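Engineer: model the structure of this input:
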Amino acid sequence: MAKDYVRRSKPKRNGRTAKSGGRTRAPEPRVPWLAVILVLVLLAGFGYLIYLIKGSADSRTVEPPAAARTPPPAAPVNPIDQKPVEKWRYIEQLENKEIVVDVPETAAQRAKPEDAPDKRYIMQCGSFRSAEQAEQLKARIAFQGLGSEVRRSEGSNGVWYRVIMGPYPSQRVAEQDKHKMSRLNTDCVVRQG
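Structural biologist: Residues are numbered from 1 along each chain as shown. Alright, predicted model coming up:
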């Protein structure tokens, strides 16, 4: 015959019977009293240390150094030991100063005879039937940092508005501006005039 182990019970110490299949309680954790006491002692020591530092800082007075309390004895002053006093006079001098610069003549001016006519160059960048188109090109030229003007001319085939740059003192200067204008996809013609 089979035994019923689940219902079997053991007698307890105090005389009662307990069921053997039940769980027993886990032991309660013990408080680590030694660690708690050590932490409290450390906190108390730290608090006492702060109290001592605070108390010593309040009771100390700062005394000025001895050199600051008594004036130094009067000794002969050496001019080398003294710091020089800076007085800037150039500000007043430059306000009303006028400088005359003698510019020597260039080789081209010296070689040119007095009665020879000046060679001036102008550059024509466009010729339009309407003044609006000429003003638009003038504005594009102004955005490049160059100056120009619109001249109205009447001819046998009607009214034209020409965009003119210059006059230039040499053809080389005119060609430099012509290269700037070629970056704008604007073809200009340098003429002597």
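Engineer: so residue 135 sits against residue 152, correct?
Structural biologist: No - Residue 135 lies out of contact with residue 152 (Cβ atoms under 8 Å); the separation is 11.9 Å. All C-beta spots, glycine's among them, are computed from the backbone N, C-alpha and C.
Engineer: so for the two, which sits in the more crowded spot?
Structural biologist: Set residue 135 next to residue 152 and count neighbours by other Cβ atoms under 10 Å: residue 135 wins out with 14 against 10.
Engineer: what helix or strand does the more buried one sit in?
Structural biologist: When elements are assigned from DSSP states H and E, residue 135 belongs to helix 131-143.
Engineer: which helix runs longest in this protein?
Structural biologist: helix 33-59 (DSSP state H).
Engineer: any idea how far residue 132 is from residue 187?
Structural biologist: Using Cβ to Cβ, to the nearest Å, residue 187 is found at 20 Å from residue 132.
Engineer: where in the chain is pLDDT low?
Structural biologist: 1, 7-22, 57-73, 107-118 (pLDDT under 70).
Engineer: could you pull out the helices in this protein for me?
Structural biologist: 33-59, 66-69, 90-95, 107-111, 131-143, 171-182.
Engineer: will you turn those into a markdown table that also has distance to residue 191?
Structural biologist: Below are the helices of the chain laid out as a markdown table (distance: least, Cβ to Cβ, whole Å):
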| stretch | distance to residue 191 |
| --- | --- |
| helix 33-59 | 92 |
| helix 66-69 | 85 |
| helix 90-95 | 46 |
| helix 107-111 | 21 |
| helix 131-143 | 17 |
| helix 171-182 | 9 |
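Engineer: count of neighbours near residue 77?
Structural biologist: With other Cβ under 10 Å as criterion, residue 77 counts 8.
Engineer: can you check residue 140 too?
Structural biologist: Look at residue 140: counted by other Cβ under 10 Å, it has 18 neighbours.
Engineer: and the nearest residue to it once chain neighbours are set aside, what does it touch?
Structural biologist: Distance criterion Cβ to Cβ, 6 or more residues apart in numbering; nearest residue to residue 140, sequence neighbours excluded, is residue 184 at 6.0 Å. Counting by Cβ atoms under 8 Å, 6 or more residues apart in numbering, residue 184 touches 140, 141, 144.
Engineer: nearest to residue 37, of the residues you listed?
Structural biologist: Taking Cβ to Cβ as the measure, residue 37 lies nearest residue 144 of the contacts of residue 184, at 89.1 Å.
Engineer: measure the closest residue to that closest one other than its chain neighbours to residue 148 for me?
Structural biologist: Excluding its sequence neighbours, the residue lying closest to residue 144 (Cβ to Cβ, 6+ apart) is residue 180, at 5.8 Å. For residue 180, the distance to residue 148 (Cβ to Cβ) stands at 12 Å.
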